[in-house]
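Q: coordinates only, sequence not included:
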């Protein structure tokens, strides 16, 4: 495999249901010296563009449409010429941040070819209806967005989220991958699927 994974961290606010909270977000680049995909587009475009460093961006993939994960998606798209990809079940959230801005449909099972490897889309609803993870099998890695963190499932206490659904997504979809799979999260440190099994209840 020639692709490598790079992380950028930006800070800003997550806003929903009338409240805002300070957050630090992980943005992930997957690619090589020539081309990359951007996973999530949080808060500030410049650090992301600095990390891209002139490489060809083939896609801006949004794991879900909460504002802190899509803040600068249109800016990145305009700067790089890369299309935005989002699962359409999150359109209601997307329209709250970027009304009328178009994106390409992100589909369960879709594969992105990048730098000699493949990123496969896994639809994992629960944190939001259109939440998706991205499996980079060659690297033994999954990008979990806000579906799974070190310590357990992502939050489900706000609009358009559902706790039983996120448990089903983690148990049925993510835990079908090998335990040694490294989880690159949307916030905070990495973990592994094996380490999180004890932190995720069975789906009801």
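A: The structure has been received and is ready for your questions. As the structure is a computational prediction, the values presented were derived from the model and not from experiment.

Q: my read: residue 134 touches residue 121, true?
A: Yes. Contact criterion Cβ atoms under 8 Å: residue 134 and residue 121 qualify, at 6.2 Å. Every C-beta, even on glycine, is put in place using the N, C-alpha and C of the backbone.

Q: List the residues that are in contact with both of those two.
A: Common contacts of residue 134 and residue 121 (Cβ atoms under 8 Å, 6 or more residues apart in numbering): residue 112.

Q: quick one, which of these two is more surrounded?
A: Neighbour totals were compared for residue 134 and residue 121, and residue 134 leads with 23 against 20 (other Cβ atoms under 10 Å).

Q: What pLDDT is listed against that one?
A: For residue 134, the model assigns a pLDDT of 98.

Q: do the same with residue 1
A: Confidence at residue 1, expressed as pLDDT, is 55.

Q: List the residues that contact the residue nearest the centre of the chain.
A: For the chain, the residue nearest the mean C-alpha position is residue 63 (3.0 Å; Cα atoms, centre = their mean). Residue 63 is in contact with 39-40, 69, 131-134, 143-147, 186, counting by Cβ under 8 Å, 6+ apart.

Q: And for residue 132?
A: 63-64, 87, 106, 108, 121-124, 145 are the contacts of residue 132 under Cβ under 8 Å, 6+ apart.

Q: What subset of those residues is buried?
A: Listed as buried from those are 63-64, 87, 106, 121-124, 145; burial here means 16 or more other Cβ atoms under 10 Å.

Q: which stretches of this structure form helices?
A: 45-52, 67-70, 73-80, 91-97, 163-172, 193-196 (DSSP state H).

Q: Most tightly packed of those helices?
A: Highest mean neighbour count of these: helix 67-70, a mean of 26 (counted as mean count of other Cβ atoms under 10 Å).

Q: Residue 97 is in contact with residue 103, correct?
A: No. Counting by Cβ under 8 Å, residue 103 stays clear of residue 97, with 11.6 Å between them.

Q: Any chance of JSON lines for the buried ones among the contacts of residue 132, columns distance to residue 15?
A: Output for the buried ones among the contacts of residue 132, formatted as JSON lines (distance: Cβ to Cβ, whole Å):
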{"residue": "63", "distance to residue 15": "17"}
{"residue": "64", "distance to residue 15": "14"}
{"residue": "87", "distance to residue 15": "20"}
{"residue": "106", "distance to residue 15": "23"}
{"residue": "121", "distance to residue 15": "26"}
{"residue": "122", "distance to residue 15": "27"}
{"residue": "123", "distance to residue 15": "25"}
{"residue": "124", "distance to residue 15": "23"}
{"residue": "145", "distance to residue 15": "17"}
